[in-house]
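S.K.: Model the structure of this input:
(chains A and B)
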Number of protein chains: 2
Amino acid sequence: MMLVDGREADTVSARDRGLNYGDGLFETMRLHAGRVHLLPRHLARLRAGCARLALPYPGDALLEADVARVVAGAPADAIVRLVLTRGDGGRGYAPPRDAKGRRIVALHPLPPPGPPALSVGICGTRLGHSAALGGLKHLGRLEQVLAADEVAAAGWDEGLMLDAGGHVVEATRHNLFFVRAGRVLTPPLAACGVAGVMRGLVLETLAALGVPGGQEPLRYDALDEIQEMFLCNAVVGVRPVKSIAGRALDAGWAVARLRQPLAAAGVAWLA
Amino acid sequence: MMLVDGREADTVSARDRGLNYGDGLFETMRLHAGRVHLLPRHLARLRAGCARLALPYPGDALLEADVARVVAGAPADAIVRLVLTRGDGGRGYAPPRDAKGRRIVALHPLPPPGPPALSVGICGTRLGHSAALGGLKHLGRLEQVLAADEVAAAGWDEGLMLDAGGHVVEATRHNLFFVRAGRVLTPPLAACGVAGVMRGLVLETLAALGVPGGQEPLRYDALDEIQEMFLCNAVVGVRPVKSIAGRALDAGWAVARLRQPLAAAGVAWLA
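M.R.: Below is the predicted model:
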């Protein structure tokens, strides 16, 4: 089931600027027990991203109505993907002044759950630095596509991605947290990476629990100093990393500590 | 007139990976006097880009046939845009092993010619560094979209874009060449920017003419040291810059020198 601008459809205009210029944003949301979890956070991120890119935001009400229609009659567990583009436009990069925007809401099956703890490798594909786009979940995801291909070819559960400066930033489809000297940290994303909804919730939850931590860079050559790592996204919640490039990590006290408060905050499938 | 996988259509599957992940490449070509100019160079660049991204390349013959159909009955002067994507795919970054690819060939009107020499400004939007994507004309062009919006708002003819390190790399829809101490230079594009077809032809033409030059970085704080600049792309050919952020530049001997040899090499509309 897919809605394009509120109508059931499985095609879009070939003039869509999302297709032609990556001129749009998206959200990937978890449907569990018939409810789309963290929807207000996803919409808040979209709204903020639209403001940064001067993309038309259709409003919460329209998007909530689309999501409700798409999940009606869906399996209890699934994924809802929401794409906003600038809509149709002529050729040329300059965004039309009267851009109407386009919204695409689609249901996707939940992927197989995967192992409870992840073996991760280090991708050769680096994340580019872009102050204009850092943190945004925009449609131009070729770096992740290339890195995900490396992960599949190597048979890893996931792959860590570095930036050009040698910092570990995120994984191909997860944000990451690491434990160093008793503090729970996640890399800052001003210049690259996607500021995930689950990452935001985890940061808030850790702060509410009084766990020391925050945002700090993680250098690749300092990976050996970390005791623990976990990955997160809105689909799976949090998942401990059991090894990085073959080196075993400690079992996750941070993940264990997060489980109950995250469930209380709406990540119900972790409970 | 638009062909999607060889069929007349104006929509594409909403599952196309070009739309969902920017997973594709494109070419913008000039139709002049009924002929698509520099077509072999455009196809060669596409083929090389497909190899870098492991995108399926449909072969020259299919693309040439699509282009021929699209330009049949077209105005004498127009633009042909050719998009290759990885085609349909499920949700998730990892490219499907059996990706078939998709080709979209569309005719667009030629934009108004614009002034013979350009007044350019400096865009605030910076180009990100990405070793994986540097030089490719991939579908993720949000930085150019934001910069083109600046150009339109400021009323400039074009805008120069810097990278995060403060180097002048290109303009929003042109490559750039500059004259410094009698040498004709263009910035290297290993980490960002689009390695344009016209840029390649200009580099070859300058070498054949025996004009000293090549690829060298241009620092923003050294812009005052350059005597001349011109911009180029496959649609307009070459165009001198008459001022940068209000500072007037010399009239273009380099452009004058290039005009006849470029026309001989197929840039017929400059003659």
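
S.K.: Could you use CA atoms for every contact and neighbour count after this?
M.R.: OK.

S.K.: buried stuff in the lengthiest helix in chain A?
M.R.: Among the segments of chain A that qualify as a helix by DSSP state H, the longest is helix A:39-53. If you call a residue buried by 16 or more other Cα atoms under 10 Å in any protein chain shown, then helix A:39-53 has these buried ones: A:39, A:42, A:43, A:45, A:46, A:47, A:49, A:50, A:53.

S.K.: do stretch A:196-210 as well
M.R.: For stretch A:196-210, the neighbour count (16+ other Cα under 10 Å) marks A:196, A:197, A:198, A:199, A:201, A:202, A:203, A:205, A:206 as buried.

S.K.: and what of stretch A:93-104?
M.R.: For stretch A:93-104, by 16+ other Cα under 10 Å, it's A:93, A:94, A:95, A:99, A:101, A:102, A:103, A:104.

S.K.: and these, which of them are in strands?
M.R.: Judged by DSSP state E, those include A:102, A:103, A:104 as members of strands.

S.K.: burial count for the nearest residue to the last one once chain neighbours are set aside?
M.R.: The reference is to residue A:104. Distances taken as Cα to Cα, 6 or more residues apart in numbering or on different chains put residue A:4 closest to residue A:104, at 4.6 Å, once the chain neighbours are dropped. Neighbourhood size, residue A:4 [other Cα atoms under 10 Å in any protein chain shown]: 19.

S.K.: Run through who's touching stretch A:141-155.
M.R.: With contacts defined as Cα atoms under 8 Å, 6 or more residues apart in numbering or on different chains, stretch A:141-155 is touched by A:121, A:123-127, A:157-159, A:161, A:172-173, B:21-23, B:53, B:93-95, B:132-133, B:140.

S.K.: redo that, cut-off 7 Å
M.R.: A:123, A:125, A:127, A:158-159, A:172, B:21-23, B:93-95, B:132 (Cα atoms under 7 Å, 6 or more residues apart in numbering or on different chains).

S.K.: Contact partners for the spatially most central residue of chain A?
M.R.: Note on chain A: the residue nearest the mean C-alpha position is residue A:196, at 4.5 Å, using Cα atoms, centre = their mean. Applying Cα under 7 Å, 6+ apart to residue A:196 gives the contacts A:175, A:233.

S.K.: Dihedrals phi and psi, it?
M.R.: In terms of degrees, to the nearest 10, the main-chain angles of residue A:196 are phi -70, psi 150.

S.K.: Could you do residue A:74 as well?
M.R.: Per degrees, to the nearest 10, the backbone of residue A:74 is at phi -80, psi 160.

S.K.: That one: neighbouring residues, count only.
M.R.: Residues lying near residue A:74 (other Cα under 10 Å) number 16.

S.K.: same thing with residue A:114?
M.R.: 9.

S.K.: SS state for it?
M.R.: With DSSP: H, G, I helix; E, B strand; the rest coil as the basis, residue A:114 sits in coil.

S.K.: How about it, nearest residue that isn't a chain neighbour?
M.R.: Using Cα to Cα, 6+ apart and skipping the chain neighbours, the partner closest in space to residue A:114 is residue A:157 (7.8 Å).

S.K.: on that earlier part again, ok, the ones in strands among the buried residues of stretch A:93-104 vs chain B, which is closest?
M.R.: residue A:104 (8.2 Å; Cα to the nearest Cα).

S.K.: Might you enumerate the residues of the stretch 1-150 of chain A proximal to chain B?
M.R.: A:10-14, A:18-23, A:93-95, A:125-132, A:139-145, A:148-149 (Cα under 7 Å from any Cα of the partner chain).

S.K.: quick one: contacts of stretch A:255-271?
M.R.: Taking Cα under 7 Å, 6+ apart as the rule, stretch A:255-271 contacts A:32, A:37, A:38, A:237, A:238, A:240.

S.K.: And it, what's buried?
M.R.: Using 16+ other Cα under 10 Å as the test for burial, stretch A:255-271 gives A:255, A:258, A:259, A:261, A:262, A:266, A:267, A:268, A:269, A:270.

S.K.: Looking at those residues, which two lie furthest apart in space?
M.R.: Across the buried residues of stretch A:255-271, the longest distance by Cα to Cα is 15.8 Å; it joins A:255 and A:266.

S.K.: For stretch A:95-107, list the C-alpha coordinates in PDB.
M.R.: What follows is stretch A:95-107, C-alpha atoms only, in PDB (Å, rounded to 0.1, in the frame of the first residue of the first chain):
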ATOM      1  CA  PRO A  95      13.900  25.400  -6.700                       C
ATOM      2  CA  PRO A  96      10.700  26.800  -8.200                       C
ATOM      3  CA  ARG A  97       9.300  29.600  -6.100                       C
ATOM      4  CA  ASP A  98       5.800  27.900  -6.200                       C
ATOM      5  CA  ALA A  99       7.000  24.400  -5.400                       C
ATOM      6  CA  LYS A 100       4.100  22.400  -4.000                       C
ATOM      7  CA  GLY A 101       6.000  19.500  -2.700                       C
ATOM      8  CA  ARG A 102       5.000  15.800  -2.800                       C
ATOM      9  CA  ARG A 103       4.400  13.300  -0.100                       C
ATOM     10  CA  ILE A 104       4.800   9.500  -0.500                       C
ATOM     11  CA  VAL A 105       3.800   7.200   2.300                       C
ATOM     12  CA  ALA A 106       4.400   3.500   1.900                       C
ATOM     13  CA  LEU A 107       4.200   0.300   3.900                       C
END
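
S.K.: from memory residue A:22 sits against residue B:25, does it?
M.R.: No: using Cα atoms under 7 Å as the test, residue A:22 is too far from residue B:25 to be in contact (11.1 Å).

S.K.: Overlap in contacts, these two.
M.R.: Shared contacts of residue A:22 and residue B:25, defined by Cα under 7 Å, 6+ apart, are found at residue B:139.

S.K.: how is chain A carved up into domains?
M.R.: Dividing chain A into domains by automatic domain parsing, as the record does, gives the ranges A:2-109, A:118-264.

S.K.: out of these, which comes closest to residue B:224?
M.R.: Closest to residue B:224 of these is domain A:118-264 (Cα to Cα; 25.5 Å).

S.K.: Average pLDDT for that closest one, rounded please.
M.R.: Average pLDDT, domain A:118-264: 95.

S.K.: May I have the distance across that domain, first residue to last?
M.R.: 24 Å (Cα to Cα, to the nearest Å).

S.K.: Could you do stretch A:159-175 as well?
M.R.: Length of stretch A:159-175, first residue to last, Cα to Cα: 11 Å.

S.K.: Contacts made by the helix or strand harbouring residue A:208 with the rest, please.
M.R.: Assigned by DSSP states H and E, residue A:208 falls within helix A:197-209. Outside helix A:197-209, the residues that touch it by Cα under 7 Å, 6+ apart are A:41, A:42, A:175, A:214, A:232, A:233, A:234, A:237.

S.K.: What about those, which one has the most neighbours?
M.R.: Counting neighbours by other Cα under 10 Å, residue A:175 comes out on top of the contacts of helix A:197-209 with 25 neighbours.

S.K.: what's the most distant pair in the buried residues of stretch A:196-210?
M.R.: Farthest pair in the buried residues of stretch A:196-210, by Cα to Cα: A:196 and A:206, 15.3 Å.

S.K.: And the buried residues of stretch A:196-210, which is closest to chain B?
M.R.: So of these, ranked by how close each gets to chain B (Cα to the nearest Cα), first place is residue A:196, at 15.5 Å.

S.K.: Residue A:231 versus that closest one, what's the distance?
M.R.: Relative to residue A:231, and taking Cα to Cα, residue A:196 is found at 11 Å.

S.K.: shared neighbours of the two, which are they?
M.R.: Contacts common to residue A:196 and residue A:231, judged by Cα under 7 Å, 6+ apart, are residue A:175.
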